[in-house]
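J.: give me a model of this one.
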Amino acid sequence: MFRAQISALLFGVGGFGALIAATVSNEWKVTTRASSVITATWVYQGLWMNCAGNALGSFHCRPHFTIFRVEGYIQACRGLMIAAVSLGFFGSIIALFGMKCTKVGGSEKAKAKIACFAGVVFILSGLCSMTGCSLYANKITTEFFDPLFIDQKYELGAALFIGWSGASLCIIGGVLFCFSIYDNNKTPRMGYAYNGATSAMSSRTKHHGGEGNIKTTNPSKQFDKNAYV
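T.: This next block holds a predicted model:
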């Protein structure tokens, strides 16, 4: 159980770090390679900034000045990623209280419930990130394959893959934390059955030992009679 919790914490914290990197990254979508070769410029867009660079090495970024002019799907992705990062942070803190190696959190049953709750929080964090990245990717692919769309077309950026990876790690860590409560409930039952078997074996041993003592006394009496006769 302890190793499973350590693995779950590593998965959850690793996924939480990946979600932060994806949220602050400016490479959610990039210009297509065909247009980049012709114009020798590269455009990167993220949730918070738009960046552009050229072959001479100059690179410039400007933030979105107001949220009212930002498209609706970007605002939705912002909210989902902020929720994912917040849930990942609280999940990491709650998981520390549910770890078996810590002295806080109460009894083992209470720790198991806390660990399970942390697992649910990690799973929700992963689902929020998965939804936000998928929504953004769906918008990019829809515009890219639309023949009537004449504006600049973009491809999937590295931040989307980082977000998907972080979401997967959070979900795996959350599932491992949820299974820890099952392991905790299973352990006492095994110990109780083992103690019962031990007590039964000890009682049988005593019973057979008593019969052995009775049998050893009877032959001695019979031997005395025969010797007397």
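J.: Phe97 versus the spatially most central residue of the chain, what's the distance?
T.: Centroid check for the chain by CA atoms, centre = their mean gives Gly173 as the closest residue, at 1.9 Å. To Phe97, Gly173 is 16 Å away according to CB to CB, to the nearest Å. Where you see a C-beta, it was placed from the backbone N, CA and C, and this is true even at glycine.
J.: kindly report the same for Thr142.
T.: 44 Å.
J.: those two: which is more packed in?
T.: Phe97 (16 against 10; other CB atoms under 10 Å).
J.: quick check: that one touching Ala110?
T.: No. Look at Phe97 against Ala110 with CB atoms under 8 Å: they stay out of range, at 9.2 Å.
J.: quick one: pLDDT of the nearest residue to Pro63 once chain neighbours are set aside?
T.: For Pro63, ignoring the flanking residues on the chain, the nearest one in space by CB to CB, 6 or more residues apart in numbering is Met49 at 5.0 Å. On pLDDT, Met49 comes in at 89.
J.: ok now do Met49, which residues does it touch?
T.: Taking CB atoms under 8 Å, 6 or more residues apart in numbering as the criterion, Met49 is in contact with 26, 61-64.
J.: in this structure, what secondary structure element scores lowest on mean pLDDT?
T.: helix 33-39 (a mean of 53; mean pLDDT, DSSP states H and E).
J.: can you name the element that comes right after it?
T.: strand 41-45 (DSSP states H and E).
J.: so what strands line up beside that following strand?
T.: Pairing partners of strand 41-45, with direction, according to DSSP bridges: strand 29-31 (antiparallel), strand 49-54 (antiparallel).
J.: outside of that strand, which residues touch it?
T.: 26-31, 36, 50-55, 152, 154, 157.
J.: residue ranges with poor pLDDT in this protein?
T.: Along the chain, the parts satisfying pLDDT under 70 run over 1-2, 33-40, 55, 105, 182-229.
J.: ok, which stretches of it are helices?
T.: 2-24, 33-39, 72-98, 108-144, 158-228 (DSSP state H).
J.: hmm, Ala115 is touching Ile181, no?
T.: Yes. Contact criterion CB under 8 Å: Ala115 and Ile181 qualify, at 6.6 Å.
J.: which one's more surrounded, the two?
T.: A count of neighbours by other CB under 10 Å puts Ala115 above the other of Ala115 and Ile181, at 30 against 20.
J.: measure how buried the closest residue to Leu87 other than its chain neighbours is and give me the count.
T.: In this structure, Leu87 finds its nearest non-sequential neighbour in Ser125, 3.7 Å apart by CB to CB, 6+ apart. By the criterion of other CB under 10 Å, Ser125 has 30 neighbours.
J.: please begin residue numbering at 874 from this point
T.: Taking 874 as the first residue, the last one we looked at is Ser998.
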